[in-house]
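Enquirer: Just a sequence and a predicted model for now, questions to come.
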Amino acid sequence: MLRRLSEAVSVSGNEKEIRTVLKELVTPCDDIWTDTMGNLYVHKKGMGKKVMVCAHMDEVGMMVKGITEEGLLAYSSVGIDSRVCVSKRVFVGKDKIPGVIGSKAIHLQGRDALSKAIPHAELFVDIGAENKEDAMKYVNVGDYICFDTAFSYFGNGRIKGKALDDRLGCAVILELLKKKYDYDFYAVFTVQEEVGMRGAMAASYQIQPEFALIFEGTTANDMPELEGHQYVTKLGKGPAISMMDSATIVTPKLFRKMKQTAEENGIPYQIRQGTKGGTDAGAIHKACGGAWAIGISIPCRYIHSPIAVADISDYENTIKLADAFLTGHKIEEVK
Amino acid sequence: MFKKMLIDILQAYGPSGNEHKTARILAEYMRPYCDELWVDVLGNLICHKKGISGKKIMLSAHMDQIGFIVVDIDENGFLRIANVGGILPPLSVAREVVFENGVRGVTYFETPETRDAKAVATVPNMYIDIGCTSREEAEEKVQIGDMCIFVSNYVDMGKRVASGAMDNRVCCAIIVEAMKEMQSSHDVYAVFTVQEEVGLRGAGVAAYAISPDLNINLDVTLTGDTPKTPAMSVALGKGPAIKMMDSSVIVPIAVRRFMIDCAEQADIPYQREVLRAGGTDTAAIQKTQKGILAGCISIPSRYVHTPVEVVDMDDVENTVKLIRVIVSKEQLPDTI
């Protein structure tokens, strides 16, 4: 399942492939539908509070913005840092035309160029076309470009692949949908999170939840040369509970309740220490008359790049924590 | 009387997202002057005074203040922090801070060279010293996720007063004062909003729920009346500043005309405000529901987001008067 989710090609605004995969994987429920923006909704009716669980299904990528006379594709970034683009394999367009992102060989670069990141404007996708006319037979301006990365298990309980942010979140929701909670339960797989929580805003107007639980793949920067206070999260230390990011301040009582739930159930957890970055919670908590929203994140190293690494235990403990919170009626305990 | 209330409101603890203590104090002050009051899911305090016209006016002022959140505690008991709202780091070091539970601390920043005059504080290199010598000791007092605010004195300079919380508690106090002798045929909702300082997050939610016919928001604004500040026509003591525009909102012509007419008819001094950078809750309110007519009255304030935000008590008094005039009008603007 994780392989299918990770390898689905669905850059922001073009989530059809992942949506199709999710529809196949989702447990039968009362209702399932897609809205005009492409958000996928799954409803399990119930008597209790209206609860929404949410994960975004889009991923970072690129879009073709022009084709040179030589048949190379100029592109615009959709949420990507240019440093990770050089020398990568990609797919272009809905026919998944293979391509590579090249740059000048080292022999041809001046000394200055070697010490700088190559900007997107100087990078091109090579699809092996002879010239512009030839390239136009296969691709066009506006086509999406996605990294071509195979998913795999490696090391001791670790996984690597693209789009772990946020296909791991989608996988958590698929697991939660197999269970039964005493809530009017909506699961939403949102679109266009990576370009500014655009899908979640529409979804929250449609659902108007009282409580929302957001699952994210978040930055793990447990790497050399960082001091303790510079970490956001660390791999293998458990689900990361959000306190504040650039789009949401979690209601303190709710934050404490989530920590308490983890402690009571013996589930390892960490606090998402970084306060940068935003998630769908930012859109959801202030839509309509407001909602309580909290994010639980799965630490992923190297996010927003062609390949990320996560620890499977963090994924499993995220499911456990969410399940304990929902089964234990913890929402009702927050006054 | 007013000053006592103002001091009380200024001293309440209420960084963005943690406004419950401030809300409690404001609720006590408001209770005698409204028919019902409640706190919504995000923590906005909504006070409703019933009317008979069938129209709804929403008065709003944010009650949150800037501060810091603890993101890490090191082995020596120092707290590492992130800013909550628009902190000015160079003006935020060597300051006293206080947490919700009363724990006190002081801010400083990494200075590899002792007394390096050129060292510059940034949020990542700042820390808080709460007088502990180990992580364990510090964790008994403060936990990751706790927020603190700056401690500031109330400086009474006579006609002008200073405090670190004028933005925006002075406007909260103004609304309470205005409600005391308010005459209005409309339903008046006085709303003390949350999370303005981190991006106007609370006000839109409250306005969505109330769906008012008119919103008048109150906030502080900058002035151009101190040495070598960028040109801006607003000055202390020249009356409430009626907002035309800032970087978040363009006030509809009909609403600003309405506010100006109210001031002129009642002989209340006022000034026109155009703020180049900075935003306020009016922006979030006007864009919710099907669009809401919303305006803003600003209290001129010097040194905003520092421990010595200065306002003029004449401006405060005139703003109270202007609000009372505004809510007393039978005819509200109904189109832009």
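Expert: Noted; the coordinates are in hand. Not measured: the values here are computed from a predicted model. Numbers count the residues shown, from 1 in each chain, chains lettered A, B, ... in the order given.
Enquirer: how far is the helix or strand bottoming out on mean pLDDT in chain A from where the chain is centred?
Expert: Using mean pLDDT, DSSP states H and E, helix A:111-114 stands out as the lowest-scoring helix or strand of chain A, at a mean of 72. Remark: helix A:111-114 is offset 34 Å from the chain centroid, using CA atoms, centre = their mean, to the nearest Å.
Enquirer: For that helix, which outside residues touch it?
Expert: Contact with helix A:111-114 is made by A:104, A:106, as judged by CB atoms under 8 Å, 6 or more residues apart in numbering or on different chains. Where you see a C-beta, it was placed from the backbone N, CA and C, and this is true even at glycine.
Enquirer: Using PDB, write out the CA atom coordinates for it.
Expert: Extracted in PDB, the C-alpha atoms of helix A:111-114 (Å, rounded to 0.1, in the frame of the first residue of the first chain):
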ATOM      1  CA  ARG A 111      34.600  28.600 -10.400                       C
ATOM      2  CA  ASP A 112      31.800  30.900  -9.300                       C
ATOM      3  CA  ALA A 113      29.200  28.500 -10.500                       C
ATOM      4  CA  LEU A 114      30.500  25.700  -8.400                       C
END
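Enquirer: Where does pLDDT dip in chain B?
Expert: In the predicted model, chain B carries pLDDT under 70 at residues B:114, B:336.
Enquirer: Quick one: name the residues of it near chain A.
Expert: Contact residues (CB under 8 Å from any CB of the partner chain) of chain B with chain A: B:16-18, B:40-44, B:69, B:71-72, B:74, B:80, B:82, B:84, B:124, B:144-145, B:195, B:198-199, B:201-202, B:204-205, B:208-209.
Enquirer: In strands only, show me the residues you listed.
Expert: The strands, defined by DSSP state E, take in B:69, B:71-72, B:80, B:82, B:84 from the residues of chain B next to chain A.
Enquirer: Quick one: those as JSON lines, columns for distance to A:Thr149 and neighbour count too.
Expert: JSON lines is the format used below for those (distance: CB to CB, whole Å; neighbours: other CB atoms under 10 Å in any protein chain shown):
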{"residue": "B:Ile69", "distance to A:Thr149": "35", "neighbour count": "23"}
{"residue": "B:Val71", "distance to A:Thr149": "32", "neighbour count": "24"}
{"residue": "B:Asp72", "distance to A:Thr149": "32", "neighbour count": "19"}
{"residue": "B:Arg80", "distance to A:Thr149": "35", "neighbour count": "22"}
{"residue": "B:Ala82", "distance to A:Thr149": "32", "neighbour count": "23"}
{"residue": "B:Val84", "distance to A:Thr149": "37", "neighbour count": "25"}
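Enquirer: Mind picking the two most distant members of these?
Expert: Using CB to CB, these span at most 15.4 Å, a distance reached by B:Asp72 and B:Val84.
Enquirer: Grab the nearest non-local neighbour of whichever residue of the stretch 51-200 of chain A sits closest to chain B.
Expert: Taking CB to the nearest CB, chain B has its nearest neighbour within the stretch 51-200 of chain A at A:Met197, 12.5 Å off. Take A:Met197 and drop its neighbours on the chain: the residue closest to it by CB to CB, 6 or more residues apart in numbering or on different chains is A:Ala283, 4.0 Å away.
Enquirer: What is the burial count for that neighbour?
Expert: A:Ala283 sits with 27 neighbouring residues when counted by other CB atoms under 10 Å in any protein chain shown.
Enquirer: repeat for A:Gly46
Expert: A:Gly46 has 16 neighbours, counted by other CB under 10 Å.
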